[in-house]
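[1] Okay, sequence plus prediction incoming.
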Amino acid sequence: MKKNYILSFFLTFSICSFTFAQEMLLNGDLENWDNDTSPTSWTKSESLTKSTEAHGGSFSAFRNAGSSTKKLSQTIDGITPGASYTISFWYKVTAGDEEDARIWCTWKNGITSVYHVGTSQNATEDPLRGPENGYLSNNGGVWSKHEVTVTAPAGVDAFYYEVRSYTNSLTYWDDLSFIKNATASVEKNTIEGFTTYPNPITNNSFTIKSSSTKEKSVAIYNLLGKKVFAANFSGEKKDIDVATFTSGIYIVKVTEDTKTATKKIVIR
């Protein structure tokens, strides 16, 4: 069941602290509506109606043909310059001309728009507009996910989140998300010689290595703080199979006696 709250989960170890992913978009799953045309917490909902043709949960937002550009948008405050954010949503286009839907977001400094690459509004290299100033693929009318990870530019304090649908399209939106990605601050790895490799991980496994042969425990956490792997091993190194993991960022915690070491890894 989809949840409707802002998640801010903190996991603190004895020598380091992590801030896990934080969902900043309100009512991104579109489960709450003020009425049949106004999803709660969204600034604009133009020619959209509540639909039970949902990707997840009970409802989605549906644009039923008509002319001109129609927007679904929300402004998100509290942006940290230099931080990493992942923007994603699910969409389905069941009629149109292949120029039916796209992402059209921008960073904000007060009321001023700050374009992602510091160029013009329609820059083709801006991942937040298009993509590439173009349109999302209709993918044969099935639910499809669009996702992009970007870093907030200097001097911004907000983010304008918008998706658009166009003339005569039949477009559904659902499970929209704007996540501030995890940050890790590791003061010291107290296990001598601790390292992991390779990183990023591209071949379904990675190795944990240290200078000690003592017994160790290893745990891997996803960005929501959920433990997704646990094992014990002895020796200087251990190969970890991550073939079943989805792509993304994880935190590895290794414990040896009273010593702890941590590492952020990326699985591609």
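    Ah, there it is.
[2] Surely Thr106 and Ile87 touch.
    No - using CB atoms under 8 Å, Thr106 is not in contact with Ile87; the gap is 11.4 Å. No exception for glycine: its C-beta is placed from N, CA and C like everyone else's.
[3] Return every residue with contacts to both of these two.
    Common contacts of Thr106 and Ile87 (CB atoms under 8 Å, 6 or more residues apart in numbering): Leu128.
[4] correct me, but Leu26 touches Gln74?
    Yes - counting by CB under 8 Å, Leu26 touches Gln74, with 6.7 Å between them.
[5] More neighbours: those two, which one.
    Higher neighbour count among Leu26 and Gln74: Gln74, with 21 against 16, using other CB atoms under 10 Å.
[6] Model confidence score at the nearest residue to Arg129 once chain neighbours are set aside, please.
    Distance criterion CB to CB, 6 or more residues apart in numbering; nearest residue to Arg129, sequence neighbours excluded, is Trp104 at 5.6 Å. Per-residue confidence at Trp104 stands at 95 (pLDDT).
[7] go on, Asn109?
    Asn109 is given a pLDDT of 94.
[8] Also Asp241?
    Here the pLDDT value assigned to Asp241 is 95.
[9] if I look at it, how far off is Thr106?
    To Thr106, Asp241 is 41 Å away according to CB to CB, to the nearest Å.
[10] Poorly predicted segments of the stretch 1-150 of the chain, please.
    Low-confidence segments of the stretch 1-150 of the chain (pLDDT under 70): 1-20, 116-124.
[11] okay, Asp241 and Thr106: which has more neighbours?
    Higher neighbour count among Asp241 and Thr106: Thr106, with 19 against 10, using other CB under 10 Å.
[12] Pairing-wise in the sheet, spell out the partners of the more buried one.
    Tyr160 (DSSP bridges).
[13] need the strands for the stretch 151-268 of the chain, in chain order.
    158-165, 170-180, 183-186, 195-197, 205-209, 216-221, 227-233, 237-241, 248-256, 259-267 (DSSP state E, counting those that start in this stretch).
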